[in-house]
Structures are given as structure tokens and as C-alpha cells.
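# 3D model of this:
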Amino acid sequence: MTVQDLPVVNATLNAIATSFIVSGIILIKKGNKRAHAVCMITALVVSAVFLTCYLIYHYSYPTNKFAHEGWPKTVYFIILFTHIPLAALSLPLIILTVIPAIRRKFEKHKRFAKWTYPVWLYVSVTGVLVYLMLYVWFPAP
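Down below sits the predicted model:
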């Protein structure tokens, strides 16, 4: 594997994180706290691996140009310009949500989680969409 393979790895990691986030939310709503914790810890680890791979890739390739014109470019930039600030926000939100859970302060954990999980989920899903638009659906010639 080379650094050039990391975009597909990153998209895959985002998709896996998405699956665990959704599963974790479903499980906690069903009252299965242990399985919820396992899913969310897995999503956290997968997201940390994603962030490492993302930083390595963008250190080597700082920018990628979206080459397609018209409505795809508009949709791509709308997604990207919502994805980027929410991605930056997600890390502190995740930390603020995980720490109370570790300390077994579940009411505080629950208050933060109501804000964290939709942001984290949106960032994970749009990360996959950005990859698909940039490399699969509308690749540079």
C-alpha cells in the first residue's frame, strides 16, 4: 500500500465508523448499554485511525481539485464546506462526550451525546460522499 491508496482507506474507515455510530445509537435506544459502549469505542478507534491516515495523506498531497463543472461542483462544495467545520468541531465534541462516560457521569455524557452523535455521523457520511464525488463519480481526467 502507498500513500496514494489512502483516500479509499479513509472512505472505508468513515463508512465503518458510520456503521458503528448508527449501531451504537440503536443499541442505547434499546437499553443495551454494554453493546452501545463497544460500538462507540470501536467507532472512536476507527475514527482515530482515519484521522491518522487522513493527516498522512494530506501531508503528502495537500490539495485535491474537483475537476467537474456544473451542478456536481456546486453539490460537492456545499458538502465540503459543511463537512470541514463540522469535522473540526467533532473532535472536541467527541472528547467532551467520552470523558463523562469514562467517569460514569452518564447524564452529562447523554447531554453532550445529543449534540455529538449527529455531528459525528454527518461528518462520517459526508466524508464518504466527498471521496465518492472526488475519486469515483467525478474523477479528474
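# What ranges in this protein fall below the confidence cut-off?
The chain contains no residues with pLDDT under 70.
# Could you rerun that using 90?
For the chain, the stretches flagged by pLDDT under 90 are 1-5, 61-65, 67, 140-141.
# And the top helix by length along it, what's buried?
Secondary structure of the chain per DSSP state H: the longest helix is helix 71-102. By neighbour count on 16 or more other C-beta atoms under 10 Å, the buried set for helix 71-102 is 76, 79, 83, 86-87, 90, 93-94, 96-98, 100-101. Bear in mind the C-beta positions are built from the backbone N, C-alpha and C, glycine included.
# Please dump those residues into a markdown table; it should also carry distance to residue 28 for every row.
Formatted as a markdown table, the buried residues of helix 71-102 follow (distance: C-beta to C-beta, whole Å):
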| residue | distance to residue 28 |
| --- | --- |
| 76 | 33 |
| 79 | 28 |
| 83 | 25 |
| 86 | 22 |
| 87 | 23 |
| 90 | 19 |
| 93 | 17 |
| 94 | 16 |
| 96 | 17 |
| 97 | 12 |
| 98 | 14 |
| 100 | 14 |
| 101 | 11 |
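# Just say helix, strand or coil for the closest residue to residue 22 other than its chain neighbours.
Leaving aside its sequence neighbours, residue 22 sits nearest to residue 121 (C-beta to C-beta, 6 or more residues apart in numbering; 7.0 Å). The three-state assignment at residue 121 reads helix, by DSSP: H, G, I helix; E, B strand; the rest coil.
# can you tell me how far residue 121 sits from residue 138?
Applying C-beta to C-beta, to the nearest Å, the value for residue 121 to residue 138 is 24 Å.
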